[in-house]
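**Q** What follows is a predicted structure for the sequence shown.
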Amino acid sequence: MKNKYYPHLASPIEINGLTFKNRIFGAPMSNPELDPDCHMREEDIAFHANRGKGGLASVCIGLGIVEAVGRSHTKEVILYDDMSLPSLKRMANEFHKHNCMATMELAHGGKFGAARSHSGADYSLIGPNNELNAQGVQVKAMTDEQIEATAQAFGDAAKLVKEAGFDMVFIHGGHGWLLGQFASPYFNKRTDKWGGSLENRMRFSLLVIEKVREAVGPNFPIEFRMSGSELIPGGYDIEEAVEMAKMIDGKVDIIHVSAGIHENDDVFVLTHPSMFVEHGVNVKYAAEIKKHVKTPVATLGGLNDPDMMEEIIASGKADIIEVARQSLADPYFPEKAFCGKKDDITKCCRCYTCFFNYLSNRNYCCAFNPVIGDELENKFGFPATTPKKVAVIGGGPGGMEAAITAAQRGHAVTLFEKRDVLGGQIVHEKHIPFKKDMYNFVEVLAKRCQEAGVDIRLNTEITPEEVYEMNFDVVMSAVGAKPIIPNIPGIEKAKGLNVLEDETPDLGQKVVILGGGLVGSEVGIYLDMIGKDVTILEMKDTWAADAYWMHKVAMDQYMRKGTIDIKVNTKAIEITDEGVVCETAEGTIVVPADSVLLATGMKANREVANEFLNTAPRVFEVGDAIKAGRVVEAVKVGYYRAMDI
Ligand SMILES: Cc1cc2nc3c(=O)[nH]c(=O)nc-3n(C[C@H](O)[C@H](O)[C@H](O)COP(=O)(O)O)c2cc1C
């Protein structure tokens, strides 16, 4: 029998004797953090296990490092230490409890190893060539003996992983990691048997595969990640990638085709596709490789929609779909899809909240999923101790998350929203193509509110007095933020971002945006896309200073087209019928405008929020009512306040 909704995606696949329950695998993601000995903590195990709960056939733990010199940062499990065994065993057990296969990535940073991860040990890094790396650390060209020893280290690591009860090993041969460095004509400048021709450049990868196979035996699946194109001048492209795939065909059990290298920011946002590129932008590489090999091929990159995944498998472009970020936004999406509930899926919007937090806060976080980063704490959920009567004032993402969580815990929840639609400020983004998944998020939240039994009162601008009279036990005040309006002459001529709710906003041709932060920059891109002449005015010396760096790189790729005029160090001092009068370092200028849009920021609606204080015995504030911020903060606070009731 086949699944009614996704007959191809839901069909099992046998890989070297092991049956994976469907075609959606969790792509490698490294650990949130590790203990001081570089072993996985309970929190790390809970993070990965959470990915495996909702129907993925397998989940891969990213970056198990096979020898000390190959470490590039502190989140990498060390697989050259038997003391990793206890936590790895716990991890494998957790996956198996959730009917999910356990996969471990074997990796080596090579020339991009980081000396500071080596606890003061005095040795240089290793790679294909003698050189200084970008951090100025000496890289020594690997000798034949070192290559042999490192290949053996991959084998030893694979043996440990198998002993720990994992079901598959995953060799990282792409993205500019050590094996990728050898395979790449861009990185590898050797003239001996390990460099030059493709055959020579692939020799190291083949040796590693041989050692791993020896270590795990013939009946244990090996997945090999390669880049289908390095996407950089001087790197290899799909033609060579096809030849590389043919060389490993039959020697590994899954050929996993990603794209790019990690040291180039412009490429990084294609390896981890940004919201500005189409979903599945890298599928074409897998599809081409699949034509030339017998081994099952996996594809990934910005995939979040089961319909698209089904099409990829059904049309034979790939055999397996892998997901990293989507498994955070909604770990239950395979289960929802296979049960015919695709409209309940929260789709990753590729905002890079996960990456930013992973790098800066040393934990994971997802703009849409408040559990991410706190999986251990949320492992069992909490029913309410005493069901209470709860009012939520405001139907933005924070208010909706609070309402859903409170209702799911057994409270009687009424949600009051003054508008005729739920979603708060995200409603402004309804027509922005690269924000489609963001808008989808609030639609899913609205649906979940209904399903959770929240009494939703639209078009209801409830007053504090009315709330007080209704005798709620708890009020969740999610009254949102209001725009900061610059005090300059003519400001009344400026329009708010709500005009974007109209599919064809009445703005004329020349649009000037006041404020070049993240919001103003995104709006500028959208208006440019729909054919407006856009100028962005920003007082600071840089635009989108508040954007996550990867998102800024992605926006910058668009800005480099040069069709948007961004004026930094520019202060608007008046709006006239002709346009915006500005002060710049060069003097006063007038920027002509048919319309002026306000993107000068938001501030908490404290006047309204204060009025709701004491309208019930317990009042919690949620989202922008506390401080204007990002969706991620609103959703987290909404969830955790509702958990406290
Ligand atoms: C936060 C984060 C951590 C990642 N960690 C790893 C890793 O440890 N090893 C690896 O090979 N890839 C890692 N990746 C890359 C993913 O495996 C995947 O190739 C990429 O995110 C594209 O897939 P997606 O669009 O489904 O997220 C990571 C990606 C993200 C977003």
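**A** Thanks, I have it.

**Q** So, low pLDDT: which residues of the stretch 101-250 of the chain?
**A** Scanning the stretch 101-250 of the chain with the threshold set as pLDDT under 70 gives 115-123.

**Q** Give me every residue in it lying close to the ligand.
**A** With C-beta under 6 Å from any ligand atom as the criterion, the stretch 101-250 of the chain meets the ligand at residues Glu105, His172. C-beta here means a position set from N, CA and C on the backbone, and glycine is covered the same way.

**Q** ranges for the helices of the stretch 101-250 of the chain?
**A** Using DSSP state H, counting those that start in this stretch, the helices of the stretch 101-250 of the chain run over residues 144-163, 178-183, 198-216, 238-248.

**Q** Make a markdown table out of those and add distance to Thr385 and mean neighbour count.
**A** Below are those laid out as a markdown table (distance: least, C-beta to C-beta, whole Å; neighbours: other C-beta atoms under 10 Å):
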| stretch | distance to Thr385 | mean neighbour count |
| --- | --- | --- |
| helix 144-163 | 43 | 20 |
| helix 178-183 | 53 | 29 |
| helix 198-216 | 50 | 20 |
| helix 238-248 | 57 | 19 |
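
**Q** Any chance of JSON lines for those helices, columns distance to Ile312?
**A** JSON lines is the format used below for these (distance: least, C-beta to C-beta, whole Å):
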{"stretch": "helix 144-163", "distance to Ile312": "29"}
{"stretch": "helix 178-183", "distance to Ile312": "24"}
{"stretch": "helix 198-216", "distance to Ile312": "26"}
{"stretch": "helix 238-248", "distance to Ile312": "17"}
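
**Q** between those helices, which gets nearest to Trp549?
**A** Judged by C-beta to C-beta, the one of these that comes nearest to Trp549 is helix 178-183, at 22.8 Å.

**Q** Work out for me the element the residue of the chain found nearest the ligand sits within.
**A** Per C-beta to the nearest ligand atom, the residue of the chain with the smallest distance to the ligand is Gly62, at 2.1 Å. Using DSSP states H and E, Gly62 sits within strand 58-65.

**Q** Show me what that strand is packed against.
**A** Here strand 58-65 touches strand 24-29, helix 42-52, strand 77-78, strand 101-107, strand 168-172, going by 3 or more C-beta pairs under 8 Å, 6 or more residues apart in numbering; DSSP states H and E.

**Q** Next SSE downstream of the third one?
**A** With elements assigned by DSSP H and E, the helix or strand that comes after strand 77-78 is helix 85-97.

**Q** Show the average pLDDT along that next one.
**A** For helix 85-97, mean pLDDT is 97.

**Q** And that helix, what's buried?
**A** Under the neighbour-count criterion of 16 or more other C-beta atoms under 10 Å, helix 85-97 has Leu85, Ser87, Leu88, Arg90, Met91, Ala92, Glu94, Phe95 buried.

**Q** Adding distance to Glu429 and mean neighbour count, write the helices and strands packed on strand 58-65 out as a markdown table.
**A** Converted to a markdown table, the helices and strands packed on strand 58-65 look like this (distance: least, C-beta to C-beta, whole Å; neighbours: other C-beta under 10 Å):
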| stretch | distance to Glu429 | mean neighbour count |
| --- | --- | --- |
| strand 24-29 | 27 | 26 |
| helix 42-52 | 28 | 23 |
| strand 77-78 | 39 | 23 |
| strand 101-107 | 35 | 27 |
| strand 168-172 | 36 | 28 |
